[in-house]
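# here you go, sequence then predicted model.
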Amino acid sequence: MSQPNNLRRCHTTLDQDSSLIAVVEMSQSSWLVAGIVPGISRQPATKLKPDQTALLGLLRRWQNEAAKAGRRISRLAVAFEAGRDGFWLARWLQARGIEAYVIHATSIAVSREHRRAKTDRLDTELLKRAFIGWLCGEPNHCSMVLIPSLEEEDAKRPNRERESLVGERTRIVNRMKSLLARLGIRDFKPTLRRAPEHLATLRTVEGMQLPPNTLAELRRDMARLRFVMDQITEIEQARLDRIAQGPEEGMHAMVRVLAGVKGIGVETADMLVHEIFSRPLRDRRAVARYAGLTGSPDESGGRRREKGLAKAGNARVRRGMVQIAWRFLVFQKDSALSQWFRFRTENARGTRKTMIVALARKLLIALWRFTRTGKLPEGVVLRASA
C-alpha cells in the first residue's frame, strides 16, 4: 500500500505514446529545454531565454509535431532541478494544465570520475534519466520536492528575515567591540538603549578621548545597529499581532500550542511550524530525515563506522532543535526525555554532545506528534499561562 505524500515514486501510469516529457536545465542567462516527443525519433533540445511564455510555446509546438506524426498527446510532464529559481515556474505551469515537478538535487546520480564532463546538455540527459524512471513508477529512483503555495512560501519570510537581521546585528556588535578593544575599552555594550550617549564619554586606557575617525565610524555603526534592532522589533511585533488576530486559524494555532510548552518561545515555535510541522510529512522517519538529524553510516565488507549527521535536511530546523534540546534539559528536568538523556550520559564520558543530537531527534518527533494529535510528551510541563 502506498504511503500518503510519498514523492519518491509516481503513482500515475506512464503511457509513453501519449505523454510528452520535458526537462529544463535552468540558469540566470538561459534555459536548455530537452524533450522526449512521441512519434519523433530525435530527442529535441532547445535553448531559450528565461521566459515562461517561450517555454509554454515550445511545449505546444512539440505537442503539435507529435500530432502531425499521428500521436495524440494527453499528458505534458515537465521537471527541473530544485535551485535558486524556487517553485514559481512549477506553479505557473500547473495553473495552465501541465504537470510540473521539481527534482530534489541530491537524487540526481552523477559520475564518480574525478574529472567528469559537465555541460548543460549532459545535465539534461541526467535529468531525463531520473525523471523517466520516476514517471515509470520505480520506487526511490529519484525524489521530488513538495511544491508549496505562494502563501506557504510567504509565511516563512518573517522568520528567515529575522534570522538574517540577528546575524547582521551580531556582526555589527562584534565589529564595534573589536574596534574598541584595540583602544583598551572592553566594558562598552552597544545594544543598550543609552549606548549612543555613553559613546561620547568613553576614554582610552591613556585617558584620552576617542580619535575622531574612530568615533565617527562607531557612530555610523551605532546608527546602523539601531536601525537593525528596530526592524527586528517590528518583525516580532507584527508576528504577535497576526497570532492575536487569528489565534485559532491555520498555523497560528500550532504556534500557540507549541509556545505553550515550557522552554519553547514564540520565535522557536514559529520557526518549527513554518519550516517543518506545516509540511505533510508521512511518518517520524521523514520528520527526522527532513531535519537532517539522521546518521550517515559507512558500511562496506567488514568496515563499520558512523560518519556523523547526514546534514542533508533543513539546517534551520537542525540548529534550532539542538538548541531546544539543551534548553529542554533545564526547563523540563522531570520529563521522560530528559531522564532518558541523563541515564545515558550520567556515567559515560564524552557522550553528551553525541546524545544531545539523539535527544533533539526524539524531541522533534515528540513535538511533531504533539501538534498532530495533541498528545503531550510524557512528563512535559506547560506554562502556567497557557
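Good, I have the coordinates.

# so what's residue 99 up against?
Applying CB atoms under 8 Å, 6 or more residues apart in numbering, we find residue 99 in contact with 75, 76, 77, 78, 93. Just so you know, the C-beta spots here come from the backbone N, C-alpha and C atoms, and that holds for glycine as well.

# who's the second one bridged to?
On the basis of DSSP bridges, residue 76 takes part in beta bridges with residue 20.

# next, count neighbours for it.
21 (other CB atoms under 10 Å).

# re the thing from before, looking at the contacts of residue 99, spot the one nearest residue 230.
Nearest to residue 230, judged by CB to CB, of the contacts of residue 99 is residue 93 at 40.8 Å.

# leaving out the residues flanking it, which one is nearest to the closest one?
The shortest distance from residue 93 to any non-neighbouring residue, by CB to CB, 6 or more residues apart in numbering, is to residue 100 (4.0 Å).

# do the same with residue 141
Leaving out its chain neighbours, the residue that sits closest to residue 141 by CB to CB, 6+ apart is residue 133, at 3.7 Å.

# is it true that that neighbour touches residue 140?
No - judged on CB atoms under 8 Å, residue 133 makes no contact with residue 140 at a distance of 9.7 Å.

# quick one, which of the contacts of residue 99 are buried?
Using 16 or more other CB atoms under 10 Å as the burial test, these include 76, 77, 78, 93 as buried.

# nearest spatial neighbour of the second one, skipping sequence neighbours?
This means residue 77. residue 99 (4.4 Å).

# could you pull out the helices for the stretch 251-386 of the chain?
With helices called from DSSP state H, counting those that start in this stretch, the stretch 251-386 of the chain shows them at 266-272, 284-290, 315-331, 336-345, 352-373.

# so which of the ones you listed gets nearest residue 18?
Among the helices of the stretch 251-386 of the chain, helix 284-290 sits nearest to residue 18 (CB to CB), with 33.1 Å.

# hang on, the earlier thing: got the helices of the stretch 251-386 of the chain as TSV, with mean neighbour count and mean pLDDT columns?
Listed next are those as TSV, based on neighbours: other CB atoms under 10 Å; pLDDT from 0 to 100:
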stretch	mean neighbour count	mean pLDDT
helix 266-272	22	93
helix 284-290	17	90
helix 315-331	18	94
helix 336-345	16	92
helix 352-373	18	92
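
# residue 37 is nearest to which of the ones you listed?
Of all the helices of the stretch 251-386 of the chain, helix 284-290 comes closest under CB to CB, at 35.8 Å.

# from memory residue 162 sits against residue 233, does it?
No - using CB under 8 Å as the test, residue 162 is too far from residue 233 to be in contact (10.0 Å).

# neighbour count winner among those two?
Comparing residue 162 with residue 233 by other CB under 10 Å, the one with more neighbours is residue 162, at 19 against 10.

# what's the offset of the strand or helix carrying that one from the middle of its chain?
For residue 162, the host element (DSSP states H and E) is helix 157-181. Chain-centre distance of helix 157-181: 21 Å, with CA atoms, centre = their mean, to the nearest Å.

# next SSE downstream of that helix?
For helix 157-181, the following helix or strand on the C-terminal side (DSSP H and E) is helix 195-199.

# list the buried residues in that following helix.
Buried, per 16+ other CB under 10 Å, within helix 195-199: 195, 199.

# pull the contacting residues for the residue nearest to residue 93.
Residue 100 is in contact with 77, 78, 79, 89, 90, 91, 93, 94, 147, counting by CB under 8 Å, 6+ apart.

# so for residue 133 and residue 140, which residue has more residues nearby?
Set residue 133 next to residue 140 and count neighbours by other CB under 10 Å: residue 133 wins out with 17 against 10.

# confirm the more buried one sits in a strand?
No - under DSSP: H, G, I helix; E, B strand; the rest coil, residue 133 sits outside any strand and is assigned helix.

# returning to that earlier point: can you name the two of the buried ones among the contacts of residue 99 that sit furthest apart?
Using CB to CB, the pair of the buried ones among the contacts of residue 99 lying farthest apart is 77 and 93, separated by 9.9 Å.

# pull the longest helix from the chain.
Longest helix of the chain, by residue count under DSSP state H: helix 212-245.

# bridged to the nearest residue to residue 43 once chain neighbours are set aside, which residues?
Once flanking residues are discounted, residue 43 sits nearest to residue 36: 5.8 Å by CB to CB, 6+ apart. Residue 36 has these beta-bridge partners by DSSP bridges: residue 21.
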